[in-house]
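Colleague: kindly return the folded structure for what I paste below:
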Amino acid sequence: MSRIGSMNLLLHGVEAATVERRDSLAEGVGADDGEFSLVLANPPFAGSVDAESIANDLTRMVKTKKTELLFLALMLRIMKDGGRAAVIVPDGVLFGSSTAHKALRRMLVDDHKLDAVVKLPSGVFKPYAGVSTAILFFTKTSSGGTDHVWFYDVQSDGFSLDDKRTPLASSDLPDVLARWQTLTDAGSPEADRPRTAQSFLVPRHEIVDAGYDLSLNRYKEVEHDEVEHRDPLEIIAELQALEAEIAAATVTLAETLRSPR
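Modeller: Numbering: from 1, shown residues only. Prediction:
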């Protein structure tokens, strides 16, 4: 895997990368604590590790064996204060009801600064995996700082969402970037966006009241088109007329069959 990772970095123009082969979750691997100012990661999903092999400082942060939660805790550990992270996580991290899930989300919202939750469409990792995912953007502060969390519902990443992943003419990603860049401006237009829009801001207190649920559907409002339904009596009258017409046609057919040829 280290060789594949090195080749992948080289193909993307990163020629002087340092790739170390180790178990980052294991006890005794803590030389990088507080070293990094930027973390971009796509950690393993839906895995679990033996509790005995997990570093004690990670289990003190979040008591779990789930890799997606342990790696988020690891990233907080290795980042310096002021460091930023963008991490792809499975949807379960956003709304999981276990004590570990809630503790980690509370940590991101209360102890640090959760900046954004960008919901990705199912299929972005096909044909390798069909799991639904999102990107968490957060800043390590060790002193809180979350006032609002920005949510964006990505409908298209520029490719079809089947196994072929065919390029498409449209993509939401340029709009994600453009709107993200306005969040640092005073009076960002995102603050006035309705909950029915593709992106919007949610205040911290609302997230706290929702039990630190970070799923976009918890806060997004869906507009339903108003449908005018016909009067049931009118529909019944039409059915009765059709039944009468069918009965008359049946009688005519029977009389025709009885007539001598």
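
Colleague: which SS class is L201?
Modeller: strand (DSSP: H, G, I helix; E, B strand; the rest coil).

Colleague: bridged to it, which residues?
Modeller: Counting by DSSP bridges, L201 forms beta bridges with W150.

Colleague: list the contacts for it?
Modeller: Going by Cβ atoms under 8 Å, 6 or more residues apart in numbering, L201 touches 148-151, 188, 190-191, 193. Glycine gets a C-beta too; all of them are placed from N, C-alpha and C.

Colleague: let me see the contact set for P127.
Modeller: Neighbour list for P127: 163, 165 [criterion: Cβ under 8 Å, 6+ apart].

Colleague: look up how far L104 lies from it.
Modeller: According to Cβ to Cβ, to the nearest Å, P127 stands 30 Å off from L104.

Colleague: likewise for P90?
Modeller: Distance from P90 to L104, by Cβ to Cβ: 13 Å.

Colleague: sec struct for T250, please.
Modeller: Applying three-state DSSP to T250 yields a three-state assignment of helix.

Colleague: neighbour-wise, which one of the contacts of L201 leads?
Modeller: F151 (26 neighbours; other Cβ atoms under 10 Å).

Colleague: quick check, pLDDT for M107.
Modeller: What the model reports as pLDDT for M107 is 96.

Colleague: kindly apply the preceding question to F125 instead.
Modeller: Looking at F125, the pLDDT reads 89.

Colleague: ok so it is a helix residue?
Modeller: No: per three-state DSSP, F125 lies outside any helix segment and is coil.

Colleague: biggest strand in this protein by residues?
Modeller: Taking DSSP state E as the criterion, the chain has its longest strand at strand 79-90.

Colleague: and for the next helix or strand after that one, what's in contact with it?
Modeller: As assigned by DSSP states H and E, the chain's next helix or strand after strand 79-90 is helix 92-95. Here helix 92-95 makes contact (Cβ under 8 Å, 6+ apart) with 46, 68-69, 72, 101, 104-105, 117, 134, 136, 213-216, 218.

Colleague: mind doing that once more with 10 Å?
Modeller: 45-46, 66, 68-69, 72, 87, 98, 101-102, 104-105, 108, 117, 119, 131-134, 136, 210-218 (Cβ atoms under 10 Å, 6 or more residues apart in numbering).

Colleague: quick one: the next helix or strand after it to chain centroid distance?
Modeller: Later in the chain than helix 92-95, the nearest helix or strand by DSSP H and E is helix 99-106. Centroid separation for helix 99-106 versus its chain: 16 Å, with Cα atoms, centre = their mean, to the nearest Å.
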